[in-house]
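Student: would you be able to build a 3D model of this:
(one chain, ligands or ions: 1)
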Amino acid sequence: MKPSTQLIHSIPVDELTGAISVPIYQTSTFVQESPGINKGFEFSRANNPTRKVLEDLICGLEEGYAGFAFASGMAAIDAVLKLLKTGDEIMAVEDTYGGIFQIFHHMFERFGVKVNFVDTSNIDKVLEKITPKTRIIWLESPTNPTLKISDIKSISKIARQHNILLVVDNTFSTPLLQKPIPMGADIVIHSASKYLAGHTDVLAGLVVVNNKALADQLKYNQNISGSILSPFEAWLTIRGIETLSLRLEKQCANAMAVATWLAEHPAVDKVFYPGLATHKHHHIARKQQKGYGGMVSFTLKDDLLKNAIRIVNATKLFRLAESFGGVKSMLSHPVTMTHRNIPEDFRRKAGVQDSCIRLSVGIEDAEDLINDLKQALDKLNQPIGKQITVLQ
Ligand SMILES: *Cc1c(COP(=O)(O)O)cnc(C)c1O
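Tutor: Numbers count the residues shown, from 1 in each chain. Now for the predicted structure:
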């Protein structure tokens, strides 16, 4: 079966009633026939039938051994980091998601877990920075917001040779565009709040692991820390995933049209989109991705924060908001929004310039989206009417 068919038909019909939509099992506990004799469910923190459908669904799509659903992407990340112990080290991609930077640096470092940020798009750097204590290599590919690509297959070989776990945050691509586990990753993470649920109406996190030992540990962490996804949120996420292939197809096509148009605009300096032949890592993206996704970032020739703010205030269809991956187009200014808590030198090193604008391209008509960006970019040539204040 092709992925779009597999996706729809791996969501089971309810065996008990024949309900074609997955029932929401809104219950905390399950009646037992005799102590320990039950129908596979005891208490919803440990296991819930609605959540289980989602966990099996993502596991199948990622071709892993077992899946786990959490209350948010950050809760999923937290559960994976709890595989570590004091003294262990993580090597992480340099321009990682802001929340990951925070949890590594400000939380897990307090427990004696050290983090080394490395430009993982450069294999030599990965090899050079491995230490005897490195337990996890943490990748995002493409990264946020500059869409750098790391070669997952090559890094997985290095990880295996050194007995290091390879974790890939696959939020940007989803399993329809990229499957890290068949490429050699041990663990895949998702913020399902983005493309998987897809309608900006739910927070959810997912983890898929590739073997039983990891599954047992993750199951334990999920149950004992307890940051599980509720039955209703699990149902919303399943319903979102049902239309994932349609949404992504449109988002990829729209993003390519927008990126191509931006690259020609006289006020635009760099366009970051892995689908453009001019992208630094296009050759790797072409090898490991089935599509290039719906995220596009760009910078301005006049690299000023105030210019970026003018543009993000002027778009009408692209709504100014954090997060991404929904059906509605959105945009953000990382420096003053998602990346404002990241130290300036670190942010600059990761290539996030003052004028960087990140687009999450939705499923609207591409021409309307381009016209919206056009009228916003035109504002740069008009005199400033009112003073713009920027919160620091
Ligand atoms: C949003 C995001 C997260 C965190 O997920 P939440 O659902 O917001 O907790 C983690 N990784 C990436 C790449 C993200 O974009």
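Student: would you check how far apart the residue lying closest to A46 once chain neighbours are set aside and S28 are?
Tutor: If the residues on either side of it in the chain are set aside, A46 comes closest to N223, at 4.9 Å by Cβ to Cβ, 6 or more residues apart in numbering. All C-beta atoms are positioned from the backbone trio N, CA, C, and that covers glycine. Separation of N223 from S28 (Cβ to Cβ, to the nearest Å): 14 Å.
Student: likewise G60?
Tutor: Taken as Cβ to Cβ, the span from G60 to S28 is 27 Å.
Student: neighbour count: these two, which is higher?
Tutor: Taking neighbours as other Cβ atoms under 10 Å, G60 and S28 compare with G60 leading, 16 against 8.
Student: just the CA trace of the helix or strand containing the more buried one, in PDB.
Tutor: With elements taken from DSSP states H and E, the one containing G60 is helix 49-62. Extracted C-alpha coordinates of helix 49-62, given in PDB (Å, rounded to 0.1, in the frame of the first residue of the first chain):
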ATOM      1  CA  PRO A  49      -7.500   2.500  24.400                       C
ATOM      2  CA  THR A  50      -7.800   5.900  22.600                       C
ATOM      3  CA  ARG A  51      -4.200   6.800  23.300                       C
ATOM      4  CA  LYS A  52      -3.100   3.300  22.200                       C
ATOM      5  CA  VAL A  53      -4.600   3.800  18.700                       C
ATOM      6  CA  LEU A  54      -2.500   6.900  18.300                       C
ATOM      7  CA  GLU A  55       0.600   5.200  19.700                       C
ATOM      8  CA  ASP A  56       0.200   2.300  17.300                       C
ATOM      9  CA  LEU A  57      -0.500   4.600  14.400                       C
ATOM     10  CA  ILE A  58       2.600   6.700  14.800                       C
ATOM     11  CA  CYS A  59       4.700   3.600  15.500                       C
ATOM     12  CA  GLY A  60       3.500   2.100  12.200                       C
ATOM     13  CA  LEU A  61       4.100   5.300  10.200                       C
ATOM     14  CA  GLU A  62       7.600   5.700  11.600                       C
END
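Student: tally of neighbours for E367?
Tutor: When neighbours are counted by other Cβ under 10 Å, E367 comes out with 11.
Student: excluding chain neighbours, what is closest to the closest residue to the ligand within the stretch 151-300 of the chain?
Tutor: Nearest residue of the stretch 151-300 of the chain to the ligand, counting by Cβ to the nearest ligand atom: S191, 3.0 Å away. Spatially, and ignoring its direct neighbours in sequence, S191 is nearest to G73 (2.7 Å; Cβ to Cβ, 6+ apart).
Student: quick one, what contacts that neighbour?
Tutor: G99, T171, I189, H190, S191, A192, S193, K194, L203, A204, G205 (Cβ atoms under 8 Å, 6 or more residues apart in numbering).
Student: quick revisit: read off the pLDDT value for the residue nearest to A46.
Tutor: Looking at N223, its pLDDT is 97.
Student: which other helices and strands does the helix or strand containing it contact?
Tutor: Assigning secondary structure by DSSP H and E places N223 in helix 212-225. Counting by 3 or more Cβ pairs under 8 Å, 6 or more residues apart in numbering; DSSP states H and E, the packing neighbours recorded for helix 212-225 are strand 66-70, helix 73-81, strand 205-209.
Student: same thing but 10 Å
Tutor: helix 49-62, strand 66-70, helix 73-81, strand 205-209 (3 or more Cβ pairs under 10 Å, 6 or more residues apart in numbering; DSSP states H and E).
Student: send the alpha carbons of the second one over as CSV?
Tutor: The C-alpha coordinates for strand 66-70 follow below in CSV (Å, rounded to 0.1, in the frame of the first residue of the first chain):
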residue,chain,number,x,y,z
ALA,A,66,6.6,1.0,19.9
GLY,A,67,5.0,4.5,20.2
PHE,A,68,4.2,6.7,23.1
ALA,A,69,1.9,9.8,23.4
PHE,A,70,2.6,12.7,25.8
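Student: buried stuff in it?
Tutor: Applying a neighbour-count criterion of 16 or more other Cβ atoms under 10 Å, one finds A66, G67, F68, A69, F70 buried in strand 66-70.
Student: the second one: what's it in contact with?
Tutor: Residues counted as contacts of G67 (Cβ atoms under 10 Å, 6 or more residues apart in numbering) are 51-52, 54-61, 188, 190, 206-209, 215, 218.
Student: L139 - that's part of a helix, no?
Tutor: No. According to DSSP: H, G, I helix; E, B strand; the rest coil, L139 belongs to no helix; its state is strand.
Student: what is the neighbour count of it?
Tutor: 27.
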